[in-house]
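1. need coordinates for the following:
(one chain, ligands or ions: 1)
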Amino acid sequence: MTISTNIEEVGFKPASRIASVGVSKILQIGARAAAMKREGLPVIILGAGEPDFDTPESVKDAAKAAIDAGDTKYTALDGTPALKNAVVAKFRRENAIDYATDEVTIATGAKQILFNAFMATLDAGDEVIIPTPYWTSYSDIVEICGGKSVLIPCEAAAGFRLQAEQLEKAITPKTRWVLLNSPSNPSGAAYSAADYRPLLDVLLRHPHVWLMVDDMYEHIAYEGFDFVTPVAIEPRLKARTLTINGVSKAYAMTGWRIGYAGGPKALIKAMAVIQSQATSCPSSVSQAASVEALNGPQGFLKERQDSFRRRRDLVVERLNRIDGLSCRVPEGAFYTFSGCAGVLGKTTPTGRKLETDSDFTDYLLEEAHVAVVPGSAFGLSPYFRISYATSEAELVEALDRIAGACAALS
Ligand code: PMP
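-> Numbering: from 1, shown residues only. Next up is the predicted model:
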């Protein structure tokens, strides 16, 4: 759904910068599924992009203590010294990268980090290379900031990873950024050091291209996969890389709205200019909570990872038993991105022919009462995304229903 520009209909004319930006398909499906639930239908929603765990108690306690201590005023523009120090320590401890405090920025979610970075760097027509499937906000933010998204399809056969030849071919004099996300939303695919190396070599040959990496799912990567971030592999790219991360997924803190990044000082300063006119600073209480998240005990991360891994294995195994579907084993995040080419062309019991992945996910919602998101929402078809951040019992029931719905096709 794109926002209506019909003045008669809505009495409102949006700015041209948002005319081409749609309301997220994920939110639309979520709203429809929620409405069906309210009508009493037993809908299972596998669309959510957030962990089903609670924020750790010690983090909540730190927030309460901050409130009691009067930590309730504007903070330093792009982050409190305490949180910047915690981020510097995190990058050193977990990623072996040395960022100074003035090379670190804090914002209201990683989403605002992306927004600040693109607002601060894109002029009209500047290009951002984004491998698909991709988190849709990437291209929407690029468009809002006046840039142009250059989408490169990366199929399951290539592990949903961008290949060096594809990157080389996509670079033009107008390329400003390449945006990589590992582990990925929606594919769950991740880049090892060996996967990254050829891409970083391409970038070394094109000094005008900057690298943005979204490491949001760093802590949801499974055994046998060693998470690594590009600056740790290739320090020569540090001067033109923005390394983005946040507390939302690792610490189950999506509602606290804190994201952070490390990057070259000049970029960090330019991003602060945008932030100064957008929000003045991130929430003081949430920043205090995030200090505890980053500096506090980290033991629960492994337990949560194990729980997600069990659910991943369950979902992948059951999906691959279904005729017409195929699912690559994701290295991380809490999503599967399965091919559904084998069910297209088939007909539903009510006589509807499934032409696209969106037809298939509509069918699953209407007939099986399972809400999943079509690959088209992430720029790559025919696939569909399941978020398995829900209980094993619910996943088993949902997968049984999907299997039944697929078996009922002719
Ligand atoms: N990056 C990716 C890949 C995501 O999936 C999300 C959340 N859906 C974000 C960034 C944004 O996270 P937040 O704004 O909550 O920090």
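2. please enumerate the helices of the stretch 51-200 of the chain.
-> Defined through DSSP state H, counting those that start in this stretch, the helices belonging to the stretch 51-200 of the chain, from first to last, are 57-68, 81-95, 110-121, 137-144, 164-170, 193-204.
3. nearest to the ligand, of these?
-> Each of those has some distance to the ligand by C-beta to the nearest ligand atom; the shortest is helix 110-121, at 3.4 Å. All C-beta atoms are positioned from the backbone trio N, CA, C, and that covers glycine.
4. if we can go back for a sec, which of the helices of the stretch 51-200 of the chain sits most buried?
-> Per-stretch averages of neighbours, counted by mean count of other C-beta atoms under 10 Å, single out helix 110-121 among the helices of the stretch 51-200 of the chain, with a mean of 23.
5. hmm, back to that, lowest average pLDDT across the helices of the stretch 51-200 of the chain?
-> In terms of average pLDDT, helix 137-144 trails the rest of these, at a mean of 94.
6. hmm, it in reach of the ligand?
-> No. With C-beta under 6 Å from any ligand atom as the criterion, the ligand is not reached by helix 137-144; the gap is at least 7.1 Å.
7. hmm, who's touching that helix?
-> Outside of helix 137-144, the residues within contact range by C-beta atoms under 8 Å, 6 or more residues apart in numbering are 17-18, 20-22, 24, 111, 114-115, 118, 122, 128, 130, 148-149, 151, 179, 181, 379.
8. separate out the buried members of the residues you listed.
-> If you count burial by 16 or more other C-beta atoms under 10 Å, the buried members of the contacts of helix 137-144 come out as 21, 24, 111, 114-115, 118, 122, 128, 130, 148-149, 151, 179, 181, 379.
9. among these, which one sits closest to residue 212?
-> Taking C-beta to C-beta as the measure, residue 212 lies nearest residue 179 of the buried ones among the contacts of helix 137-144, at 4.6 Å.
10. surely that closest one touches residue 209?
-> No. Checked against C-beta atoms under 8 Å, the pair residue 179 and residue 209 is beyond contact range at 11.1 Å.
11. what number of residues lie near residue 182?
-> Residue 182 has 27 neighbours, counted by other C-beta atoms under 10 Å.
12. could you do residue 226 as well?
-> Look at residue 226: counted by other C-beta under 10 Å, it has 10 neighbours.
13. repeat that for residue 38.
-> When neighbours are defined as other C-beta under 10 Å, residue 38 has 9 of them.
14. tell me how far it lies from residue 399.
-> With the distance defined as C-beta to C-beta, to the nearest Å, residue 38 ends up 24 Å from residue 399.
15. and what of residue 288?
-> As judged by C-beta to C-beta, residue 288 and residue 399 stand 41 Å apart.
16. now residue 307
-> According to C-beta to C-beta, residue 307 stands 17 Å off from residue 399.
17. so who does the residue in the stretch 51-200 of the chain that the ligand sits nearest to touch?
-> Of all residues in the stretch 51-200 of the chain, residue 109 sits closest to the ligand, at 2.7 Å by C-beta to the nearest ligand atom. Residues in contact with residue 109 (C-beta under 8 Å, 6+ apart) are 246, 248, 257, 258, 259.
18. with pLDDT, distance to residue 204 and secondary structure as extra columns, can I get those in CSV?
-> Rendered in CSV, the data for these read as follows (pLDDT from 0 to 100; distance: C-beta to C-beta, whole Å; DSSP: H, G, I helix; E, B strand; the rest coil):
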residue, pLDDT, distance to residue 204, secondary structure
246, 98, 28, strand
248, 97, 32, coil
257, 98, 35, coil
258, 98, 33, coil
259, 98, 28, strand
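19. out of those, flag the one nearest to residue 405.
-> Nearest to residue 405 among the contacts of residue 109, with distances taken as C-beta to C-beta, is residue 248, at 32.1 Å.
20. pull the number of nearby residues for the nearest residue to the closest one once chain neighbours are set aside.
-> Closest residue to residue 248 in three dimensions, ignoring its sequence neighbours and counting by C-beta to C-beta, 6 or more residues apart in numbering: residue 254, at 4.5 Å. The number of residues packed near residue 254 is 16, by other C-beta under 10 Å.
21. residue 254 against residue 286, yeah?
-> No. The pair residue 254 / residue 286 is not scored as a contact, 11.3 Å apart, by C-beta under 8 Å.
22. separation between the nearest residue to residue 171 once chain neighbours are set aside and the ligand?
-> Distances taken as C-beta to C-beta, 6+ apart place residue 206 nearest to residue 171, at 5.4 Å, with adjacent residues excluded. Separation of residue 206 from the ligand (C-beta to the nearest ligand atom, to the nearest Å): 24 Å.
23. does residue 272 sit in a helix or strand, and which one?
-> helix 265-278 (DSSP states H and E).
24. the following helix or strand past that helix near the ligand at all?
-> If you walk from helix 265-278 toward the C-terminus, the next helix or strand you reach (DSSP H and E) is helix 284-295. No. On the criterion C-beta under 6 Å from any ligand atom, helix 284-295 is out of touch with the ligand, staying 10.7 Å away.
25. how does the chain divide up, domain by domain?
-> The domain map for the chain lists 7-53+300-407, 71-295, with the assignment taken from automatic domain parsing.
26. rank those domains by mean pLDDT and give me the bottom one.
-> Ranked by mean pLDDT, these bottom out at domain 7-53+300-407, which scores a mean of 93.
27. is that domain positioned near the ligand?
-> Yes. In terms of C-beta under 6 Å from any ligand atom, part of domain 7-53+300-407 sits within range of the ligand, namely residue 49.
28. is it correct that residue 261 falls within a helix?
-> No. With DSSP: H, G, I helix; E, B strand; the rest coil as the criterion, residue 261 is strand rather than part of a helix.
29. surely it touches residue 103?
-> No. Residue 261 sits out of contact with residue 103 when judged by C-beta under 8 Å, with a separation of 9.2 Å.
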